[in-house]
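Participant: Fold the following for me, if possible:
(one chain, ligands or ions: 1)
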Amino acid sequence: MPIIFDERAKTLTIHTDGTTYQMQVDEIGNLLHLYYGRRTEGALTYLPSRFDRGTSASPYEKADDRSYSLDFLPQEFPVQGAGDMRSPLLVVRDAQGAFGCDLRYARHEIRSGKYGLQGLPAVYADSDADDAQTLSVVLSDDRLGLEVELLYGVLPHLDVICRAAIVRNTGEGRLTVEKVQSACLDFVHGDFDLISLAGRHGMERVPVRTPVSQLSYVVDSAKGSSSHQQNPFLLLADRDTTEVAGRCWAMELAYSGSFKGEVARDQYGQTRLQLGLSDELFSYPLEPGEQLVAPEVIMSYSTEGFGRLSQNLHRCVRERVCRGYWRDRVRPVLINSWEAFYFDFDGDRLVEFARLAKEVGIELLVVDDGWFANRHDDKRSLGDWRVNEEKLGGTLAQLIAAVNDVGLQFGIWMEPEMVSEDSDLYRAHPDWALAIPGKSPVLGRNQLVLDLSRPEVCDNVFAQICGVLDQGPVTYLKWDYNRLITDVYSHVASDQGKVLYDYILGLYSVLERVNERYPQLLIEGCAGGGGRFDAGMLYYTPQIWCSDNTDAVDRLTIQYGTSFGYPCSAVGAHVSACPNEMSGRMTSLGTRAAVADAGTFGYELDLKELSDETRAKIREQVTWHHRIAPLVQQGTYHRLTNPLTEPLCAWEQVAPDGSQAMVSAVVLETHGYGIPRFVVPRGLTPGARYQDVVRGDVFEADALMEMGIPLPLAMKAGEYRSYTYLLERV
Ligand code: GLA
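Facilitator: Numbers count the residues shown, from 1 in each chain. Model prediction:
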């Protein structure tokens, strides 16, 4: 049984195959956190130390005991108002306007299966394979009429524990939640680094490693989306933890809106890591009987460095967050019209594009932006999702049929959450946009955000999506989102502090309805590239366009960082033209494909402009991708080098049974008479032999994992050479 209650010690213990998590109800009903680490048995109630800590305040019952203060005791759900002056998970105001609550243990329940969350994404369990269990612990503040249900879901074989919290008003007065986060981990000692994923548009999710100190470190977004700049992912590690050795903990939020993660060491050298909703532009009133669900945090722990931690998260996200028809399926190789044509196309050009794509083995054509209403540029028409028949030379149904006749599946781009001021939708319903009355709205890409906190707006968005998808066999939808939310004002909200959270609930409800109605539709998320790349979106869209930056060398860093929290099956990666449209950099077609091979593969260039020879190479690349795609989709991923600090970027996917492995490398530094570089694979079957199916060489696995493969040194080979080895166990 993964979850155990010890009546005598008052401990609740959660075991996974490799880890243990423990909490304790103490003598005055506070829920203390005791342990999250390597699997162990027994009660760890001795870990929190108690002695007089000077100015730290004590609860009323402990007036004579200065060794008891929540200001230093490790807790499961620290709140503002009970004496803990560190950052809380919950701040509540009562009907009189007073801040402060005091939550004590009320009851708990252990159930089989993994909990779900109403209206929000959550890890799910396979009832046959997972042996999942749920622990629900209810804490209450009787004065306020406030209950908080802490949910713990354990998937023991994945070494994953999930947490969420539900705040309920069980009293008679209005309560206002000013801050709520889902989970924290309190460590009674340790010298840690935080690794978070930071960046910008076109350079998302670059890992940043920062020593934890008494200065609090905040990783957040108040933009209404999880953002390009920070990702809802926190990794805490011992100072000496590496890719392959040492302790580390991860927290990943399954939520796509504003979030806040914090880490700080307290005055006594203890560390708190916490993650949940952002409290900026947030103030959520709860009337009697109402509740607020704090989204799920997925946690994992590894003693074998970052590599193992990421692998745990990859399995969890790939197999227990992503759902539906496409979860385990290899995705079609696609070609997207955006970087090929931008807005400049007509129906004939698209059909010709499809014909050339078919010749090289591509399976799906995606018509990106520009196919609807008066959308000749990015200034207008969002919200009017009716095809521009004049531009396409016919109906959407006819275009789909023409593309299908060529032998390709059809996919389409939409940006359903947005509206342009120059659109019929906006002219009919100006109050459907988030905008503050009397204030000129802040624009992003000339557009406004629809108020998805309103059910009637969600209904319209859903109906318009159906109106497009029902035109014919559309097998793929690129769901884009190209600005952030600045003017947080809904024309109907009872309280503006609810809008950003309710917006996300609205978004998820539309995505859920689309998934239900079109169960075989492949949806690729996108937000100006990777501006909303999170486990929340992955519950609805099994892949996300990783970045608008398709430069192969920049992509090495972006995909390296993304891999800390997310599997290859989620990463949209395409080969585009050179010089790259963003960086101007030249890389070979082979290197561009080797980098895109590590994701859901496709092309984003005008095939007509390429020579016959180049198109023939692309045909080979597509055939190659089909061969390796199952390995990329299902394989165990290893980061073999760090491209931020090393002259080589190398990575590897190993089949779950070890029978196959693909090792890829791109040389980042080029010198005359260069230094030999070696790439050292991991995860091969010890004692086995492997053959490189490309070159025929046979290697001993043990030697490979010790000394690696020397990369060929060639004069005048140029910059950014890539090498791929497909190893098969013989
Ligand atoms: C965003 C996306 C691009 C493309 C354009 C279309 O920038 O990230 O891939 O779809 O919108 O306008």
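
Participant: quick one: pLDDT of residue 673?
Facilitator: Looking at residue 673, its pLDDT is 81.

Participant: State whether it is indeed within a strand.
Facilitator: No - counting by DSSP: H, G, I helix; E, B strand; the rest coil, residue 673 is not found in a strand; it is coil.

Participant: Contacts only, for it.
Facilitator: With contacts taken as CB atoms under 8 Å, 6 or more residues apart in numbering, residue 673 has no neighbouring residues. All C-beta spots, glycine's among them, are computed from the backbone N, C-alpha and C.

Participant: Break the protein down into its structural domains.
Facilitator: For the chain, automatic domain parsing gives the domain ranges 3-49+67-81+92-320, 334-414+445-482+503-632, 648-729.

Participant: Nearest to the ligand, out of those?
Facilitator: With CB to the nearest ligand atom as the criterion, the ligand lies closest to domain 334-414+445-482+503-632 of those, at 3.5 Å.

Participant: if we can go back for a sec, want to throw the domains of the chain into a markdown table with distance to the ligand?
Facilitator: Conversion of the domains of the chain to a markdown table gives the following (distance: least, CB to the nearest ligand atom, whole Å):
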| stretch | distance to the ligand |
| --- | --- |
| domain 3-49+67-81+92-320 | 9 |
| domain 334-414+445-482+503-632 | 3 |
| domain 648-729 | 23 |
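
Participant: Look up the closest residue to the spatially most central residue of the chain, ignoring the ones flanking it.
Facilitator: Among the residues of the chain, the smallest C-alpha distance to the mean C-alpha position (CA atoms, centre = their mean) belongs to residue 534, namely 2.1 Å. Once flanking residues are discounted, residue 534 sits nearest to residue 226: 4.3 Å by CB to CB, 6 or more residues apart in numbering.

Participant: That neighbour: how many residues sit nearby?
Facilitator: Counted with other CB atoms under 10 Å, residues neighbouring residue 226 total 28.

Participant: wait, it sits on residue 535?
Facilitator: No - with contact taken as CB atoms under 8 Å, residue 226 and residue 535 are classed as non-touching, separated by 9.5 Å.

Participant: Residues in contact with both of the two, list them for me.
Facilitator: Joint contacts of residue 226 and residue 535 (CB under 8 Å, 6+ apart) are 232, 253, 255.

Participant: quick one, what contacts the last one?
Facilitator: Pointing back at residue 255 there. 120-121, 226, 232, 277, 295-296, 504, 534-536.

Participant: Among those, name the ones in strands.
Facilitator: With strands defined by DSSP state E, the entries of the contacts of residue 255 inside them are 232, 277, 295-296.

Participant: In PyMOL, how would I select just the buried ones from those?
Facilitator: With 16 or more other CB atoms under 10 Å as the burial test, the buried ones among the ones in strands among the contacts of residue 255 are selected in PyMOL as follows:
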select buried, resi 232+277+295+296
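
Participant: Wait, a helix at residue 465?
Facilitator: Yes - going by three-state DSSP, the assignment for residue 465 places it inside a helix.

Participant: which residues does it contact?
Facilitator: Under the criterion of CB under 8 Å, 6+ apart, the neighbours of residue 465 are 385, 414, 416, 477, 510, 514.

Participant: can you give me the strands in the stretch 101-250 of the chain?
Facilitator: Counting by DSSP state E, counting those that start in this stretch, the stretch 101-250 of the chain has these strands, from start to end: 104-112, 133-141, 146-155, 160-169, 175-187, 192-200, 203-211, 217-221, 230-238, 248-253.

Participant: could you dump these to JSON lines with mean pLDDT?
Facilitator: As requested, those are exported to JSON lines (pLDDT from 0 to 100):
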{"stretch": "strand 104-112", "mean pLDDT": "98"}
{"stretch": "strand 133-141", "mean pLDDT": "98"}
{"stretch": "strand 146-155", "mean pLDDT": "98"}
{"stretch": "strand 160-169", "mean pLDDT": "98"}
{"stretch": "strand 175-187", "mean pLDDT": "98"}
{"stretch": "strand 192-200", "mean pLDDT": "98"}
{"stretch": "strand 203-211", "mean pLDDT": "98"}
{"stretch": "strand 217-221", "mean pLDDT": "98"}
{"stretch": "strand 230-238", "mean pLDDT": "98"}
{"stretch": "strand 248-253", "mean pLDDT": "98"}
